[in-house]
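A.B. asks: quick one, what's the 3D model for this:
(chains A and B)
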There are 2 protein chains.
Amino acid sequence: MTRSPESTGPEPDPGGRFAYHGLLRVIHERARLGILTSLATNPAGLFFIDLRKLCALTDGNLSRHLAALKEAGLVLVLRGSSGGRPQSLVKITATGRVRFTEYIAELERVVSDAMERSDAGEEAAEPWPDGWSPA
Amino acid sequence: MTRSPESTGPEPDPGGRFAYHGLLRVIHERARLGILTSLATNPAGLFFIDLRKLCALTDGNLSRHLAALKEAGLVLVLRGSSGGRPQSLVKITATGRVRFTEYIAELERVVSDAMERSDAGEEAAEPWPDGWSPA
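C.D. replies: Numbers count the residues shown, from 1 in each chain, chains lettered A, B, ... in the order given. Sure, this is the predicted structure:
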């Protein structure tokens, strides 16, 4: 196996040390991450219009992301009324809560891995080895 | 402004409390997050073939993601040889390091926000309010 030029770094892992398979694609999209964090911190549910503001999304974008999350069984959308006006109420499901907790645990692993870099930061300013040129 | 059914939750914020604008799209893609974490923790650089293993990516996928990161000025790719064989060496740039550090700070905010949910988790099992039905 070819060695990395970073002699103190970890050796390549066939399992993919930095593959982060736990970052489920259906959750990882930036807007969906905001939606699920909003809903996880508001377990009684949020009105569509409030969720839209919290996540700074348009109606169309929020609807599109909610459809994907609903199909994956992570959220529920209910129709009803509040203050005499029709509203949609969005709530995280029990499955959504489990998947989101697992996702966040993987995210913590990314943050923890990234923090290791600070010890070795100065090396980044070193010149390239002789004989190497831009691709 | 319409009130959330979660009376103890935060009020909607016009700026988008959960918008997470700091999650730069060019970094946020799952594979690129793995690539940048690998490179940030190996500041002297990594050979293409080792990076591919660390991130559990195919040649084609790694090449495609590196092209996007290069165009954004976050990584450098150099050609040279090691052990008598041609190799590509990939390294994070100074700009890449700054952007990645900012990204990770935003990621920490997501994790911190998500942690708030654990106090209110039991509420999720409550029934829907009368008069609400699936959309």
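A.B. asks: CA atoms for contacts and neighbours, from now on please.
C.D. replies: OK.
A.B. asks: shaky segments in chain A?
C.D. replies: Scanning chain A for pLDDT under 70 picks out A:1-14, A:117-128.
A.B. asks: tell me the secondary structure for residue A:80?
C.D. replies: Assigned by DSSP: H, G, I helix; E, B strand; the rest coil, the conformation of residue A:80 is strand.
A.B. asks: give the contact list for it.
C.D. replies: Applying CA atoms under 8 Å, 6 or more residues apart in numbering or on different chains to residue A:80 gives the contacts A:86-89, B:131-133.
A.B. asks: go again using 10 Å as the cut-off
C.D. replies: When contacts are counted by CA atoms under 10 Å, 6 or more residues apart in numbering or on different chains, residue A:80 touches A:86-89, B:129-135.
A.B. asks: spatially nearest residue to the most centrally placed residue in chain A (excluding sequence neighbours)?
C.D. replies: By CA atoms, centre = their mean, chain A has its centre lying nearest to residue A:28, at 3.4 Å. Ranked by CA to CA, 6 or more residues apart in numbering or on different chains and with sequence neighbours excluded, the top spatial neighbour of residue A:28 is residue B:30, at 7.6 Å.
A.B. asks: try residue A:55
C.D. replies: residue B:19 (4.3 Å).
A.B. asks: what about the one you found, neighbour count?
C.D. replies: Look at residue B:19: counted by other CA atoms under 10 Å in any protein chain shown, it has 23 neighbours.
A.B. asks: hang on, it is in a strand, isn't it?
C.D. replies: No. Looking at residue B:19 with three-state DSSP, it is coil, so not inside a strand.
A.B. asks: ok, it to residue B:74 distance?
C.D. replies: Per CA to CA, to the nearest Å, residue B:19 is found 23 Å from residue B:74.
A.B. asks: of the contacts of residue A:80, which is the most crowded?
C.D. replies: residue A:89 (27 neighbours).
A.B. asks: next, count neighbours for the closest residue in space to residue A:17 that isn't next to it in sequence.
C.D. replies: Leaving aside its chain neighbours, residue A:17 sits nearest to residue B:54 (5.1 Å; criterion: CA to CA, 6+ apart). Residue B:54: 23 surrounding residues under other CA under 10 Å.
A.B. asks: I'd say residue B:54 and residue B:32 touch.
C.D. replies: No. Between residue B:54 and residue B:32 there is no contact, the gap being 11.9 Å when judged by CA atoms under 10 Å.
A.B. asks: residues near residue A:47, how many?
C.D. replies: What residue A:47 shows, counting by other CA under 10 Å, is a neighbour count of 21.
A.B. asks: residues contacting the residue nearest to residue A:75 when sequence neighbours are not counted?
C.D. replies: Distance criterion CA to CA, 6+ apart; nearest residue to residue A:75, sequence neighbours excluded, is residue A:92 at 4.4 Å. Counting by CA under 10 Å, 6+ apart, residue A:92 touches A:35-46, A:69-70, A:73-77, A:100, B:124.
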